[in-house]
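[1] sequence and computational prediction follow.
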Amino acid sequence: MNHKINIAIVGVGNCASALIQGIQYYKAGHEVQPAGLMHLKIGQYLSTDIQVAAAFDIDRRKVGRDVAEAIFAKPNCTTVICKDVPPTGVIVKKGPVLDGFSDHMATQSEDRTFLVSDKPELTKDEIVDILRQTKTDIVVNYLPVGSQKATEFYAECALEAGCGFINNIPVFIASDPSWANRFAAKSLPIVGDDIKSQLGATIVHRMLANLFQKRGIRLDRTYQLNTGGNTDFLNMKNYDRLASKKISKTEAVQSVAGERLDDENIHIGPSDYVPWQNDNKVAFIRMEGSMFGDMPLNLELRLSVEDSPNSAGVAIDSIRMCKLALDKGLGGVLEGPSAFLCKHPPVQHADDEAYALTEAFIRQNQEKKPSIRFEKADAAE
């Protein structure tokens with residue numbers, strides 16, 4: 001039986017690079033239970049059952065190249081965990097630019113400059129045709145922060161082509177009822193918004209805020225400052241693109257803090273771009289609270305992690321859960337997986353509750369139900 005999961009990558013940046021490298025890395029059988037994944041199998045799907053069927057970008061160093069080459073092209077700078085990624089036969093196509101590009105990205109040093117391809121942009125109809133012809137199951141969105149119009153464009157393509165949608169960025173699709181209802185109406189699943197890292201600043205901050213609340217400590221004020229040197233941090237130097245990112249990260253902590261903090265007492269968001277850090281992200285968290293007798297408690301933490309591989313395992317789990325939903329004909333937002341895997345789901349749950357909901361979702365949807373999406377499309381042709 002063919003257990004392959006066909007995905008279309010939107011944005012062949014560092015996160016996509018780490019994902020594709022990781023799939024190849026585990027094909028070598030490095031571990032029976034791969035580090036960084038919830039389970040060896042989710043349903044009948046291994047991480048290595050995921051394969052790229054289509055890819056879209058706008059950078060001229062990536063457009064027109066095989067995905068296996070494009071993931072190592074500049075300005076990508078993530079740590080190489082698997083340099084021997086064989087040719088996929090999938091050529092990166094140029095999608096529409098829209099708001100997926102900030103002008104300041106074109107004025108950096110040679111390795112950091114973002115160079116828009118001069119090839120013609122594909123139309124919506126052309127992209128939908130590619131998704132159908134390649135039998136893409138799931139569209140995986142890795143566009144830069146602030147790409148509202150571009151994300152909505154690819155969500156439309158997924159709806160029209162009959163694909164699930166995973167929104168890994170802080171543009172609100174799954175958490176927008178109008179979009180969620182459209183996916184539900186077509187029995188297409190969506191996971192989002194804004195992927196959590198395996199062990200990143202937000203999940204650690206959430207756990208600590210929850211710990212304060214459970215131990216009876218009042219959280220009075222807190223901040224999270226993040227620095228990094230990848231294109232994500234460079235893109236976010238344009239503060240006009242940060243509104244949804246700050247909402248997503250802040251709400252992830254506020255939702256487990258017991259009593260909501262006043263805006264002046266909580267600051268969570270990207271802080272600065274440090275080129276020599278490359279894909280290394282350093283987070284600084286400070287929490288000030290009041291204990292018994294109003295005695296003060298101050299906690300400070302520094303976390304250093306490779307940013308893109310930190311989300312790749314979460315993306316693999318998300319893809320496999322989305323495919324389970326496709327197999328079962330489940331449409332709309334996957335509540336448990338979205339709450340566990342994303343920072344800004346439609347419904348926020350405490351992490352232990354979100355984990356339990358996600359495990360229950362996996363158990364309830366283990367048995368494969370053959371999909372007829374493409375059989376219908378083929379018959380129509």
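    Now that the structure is in, tell me what you want to look at.

[2] can you pull out the strands in the stretch 51-200 of the chain?
    93-94, 138-141, 164-167, 189-191 (DSSP state E, counting those that start in this stretch).

[3] quick one: those strands as a markdown table, columns for distance to residue 130 and mean neighbour count too.
    Just so you know, the C-beta spots here come from the backbone N, C-alpha and C atoms, and that holds for glycine as well. Shown next, in a markdown table, are these (distance: least, Cβ to Cβ, whole Å; neighbours: other Cβ atoms under 10 Å):
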| stretch | distance to residue 130 | mean neighbour count |
| --- | --- | --- |
| strand 93-94 | 7 | 20 |
| strand 138-141 | 11 | 27 |
| strand 164-167 | 16 | 29 |
| strand 189-191 | 20 | 29 |
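
[4] so for residue 267, which of these sits nearest?
    Nearest of those to residue 267, taken as Cβ to Cβ: strand 164-167 at 24.9 Å.

[5] still on that earlier bit, for the strands of the stretch 51-200 of the chain, which one sits closest to residue 269?
    strand 164-167 (19.2 Å).

[6] now what about the closest one, what contacts it?
    Residues outside strand 164-167 that contact it (Cβ atoms under 8 Å, 6 or more residues apart in numbering) are 137-141, 151, 154-155, 158-159, 173-174, 183, 188-194, 315, 318-319, 322-323, 325-326, 342.

[7] could you give the backbone dihedrals for the residue nearest to residue 260 when sequence neighbours are not counted?
    Computed as Cβ to Cβ, 6 or more residues apart in numbering, the closest residue to residue 260 that is not its neighbour in sequence is residue 254, at 5.3 Å. Residue 254 adopts backbone torsions of phi -60, psi -40, taken as degrees, to the nearest 10.

[8] does residue 254 touch residue 262 like I think?
    No: counting by Cβ atoms under 8 Å, residue 254 sits too far from residue 262 to count as a contact (10.6 Å).

[9] which one of these two has more residues nearby?
    Neighbours were counted for residue 254 and for residue 262 using other Cβ atoms under 10 Å; residue 254 has more, 20 against 9.

[10] and that one, what pLDDT?
    pLDDT for residue 254: 91.

[11] with residue 2 instead?
    63.

[12] same check, this time on residue 33
    With respect to pLDDT, residue 33 has a value of 67.

[13] next one: the one 5 residues further on
    pLDDT recorded at residue 38 is 89.

[14] list the residues that contact it.
    Counting by Cβ under 8 Å, 6+ apart, residue 38 has contacts 317, 358.

[15] and it, what are its phi and psi?
    According to degrees, to the nearest 10, residue 38 has phi -60, psi -40.

[16] closest to residue 330 out of the strands of the stretch 51-200 of the chain?
    strand 189-191 (5.6 Å).

[17] what lies in contact with that closest one?
    With contacts defined as Cβ under 8 Å, 6+ apart, strand 189-191 is touched by 164-167, 173-174, 179-180, 183, 318, 321-322, 325-326, 330-334, 337-338, 341-342.

[18] distance between stretch 186-193 and the chain's centre?
    14 Å (Cα atoms, centre = their mean, to the nearest Å).

[19] check stretch 338-347 too.
    Chain-centre distance of stretch 338-347: 11 Å, with Cα atoms, centre = their mean.

[20] and it, end to end?
    Stretch 338-347 has an end-to-end distance of 8 Å (criterion: Cα to Cα, to the nearest Å).

[21] okay, buried residues for that stretch please.
    For stretch 338-347, a neighbour-count test (16 or more other Cβ atoms under 10 Å) marks 338, 339, 340, 341, 342, 343, 344, 345, 346 as buried.

[22] the last one and residue 97, how far apart?
    The one in question is residue 346. 29 Å (Cβ to Cβ, to the nearest Å).

[23] cool, and the fifth one?
    Here residue 342 is placed at a distance of 26 Å from residue 97 (Cβ to Cβ).

[24] pull up the distance across stretch 95-112, start to finish.
    Per Cα to Cα, stretch 95-112 runs 21 Å from first to last residue.

[25] do stretch 258-271 as well
    First-to-last residue span, stretch 258-271, Cα to Cα: 26 Å.

[26] near residue 50, how many other residues are there?
    Other residues close to residue 50 by other Cβ under 10 Å number 24.

[27] next: residue 239.
    For residue 239, using other Cβ under 10 Å, the count is 11.

[28] can you check residue 310 too?
    Applying other Cβ under 10 Å, we find 22 residues neighbouring residue 310.

[29] mind saving the C-alpha coords of the helix or strand harbouring it as PDB?
    Per DSSP states H and E, residue 310 falls inside helix 309-328. The C-alpha trace of helix 309-328 is given here as PDB (Å, rounded to 0.1, in the frame of the first residue of the first chain):
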ATOM      1  CA  PRO A 309      15.700  22.400  12.900                       C
ATOM      2  CA  ASN A 310      13.900  23.200  16.100                       C
ATOM      3  CA  SER A 311      10.600  23.400  14.200                       C
ATOM      4  CA  ALA A 312      11.200  20.700  11.600                       C
ATOM      5  CA  GLY A 313      10.100  17.800  13.800                       C
ATOM      6  CA  VAL A 314       6.900  19.600  14.700                       C
ATOM      7  CA  ALA A 315       6.200  20.200  11.000                       C
ATOM      8  CA  ILE A 316       6.600  16.500  10.300                       C
ATOM      9  CA  ASP A 317       4.100  15.600  13.100                       C
ATOM     10  CA  SER A 318       1.700  18.300  11.800                       C
ATOM     11  CA  ILE A 319       1.900  17.000   8.200                       C
ATOM     12  CA  ARG A 320       1.200  13.400   9.300                       C
ATOM     13  CA  MET A 321      -1.800  14.500  11.500                       C
ATOM     14  CA  CYS A 322      -3.200  16.600   8.600                       C
ATOM     15  CA  LYS A 323      -2.900  13.500   6.300                       C
ATOM     16  CA  LEU A 324      -4.800  11.400   8.900                       C
ATOM     17  CA  ALA A 325      -7.600  14.000   8.700                       C
ATOM     18  CA  LEU A 326      -7.600  14.000   4.900                       C
ATOM     19  CA  ASP A 327      -7.900  10.200   4.900                       C
ATOM     20  CA  LYS A 328     -10.900  10.400   7.200                       C
END
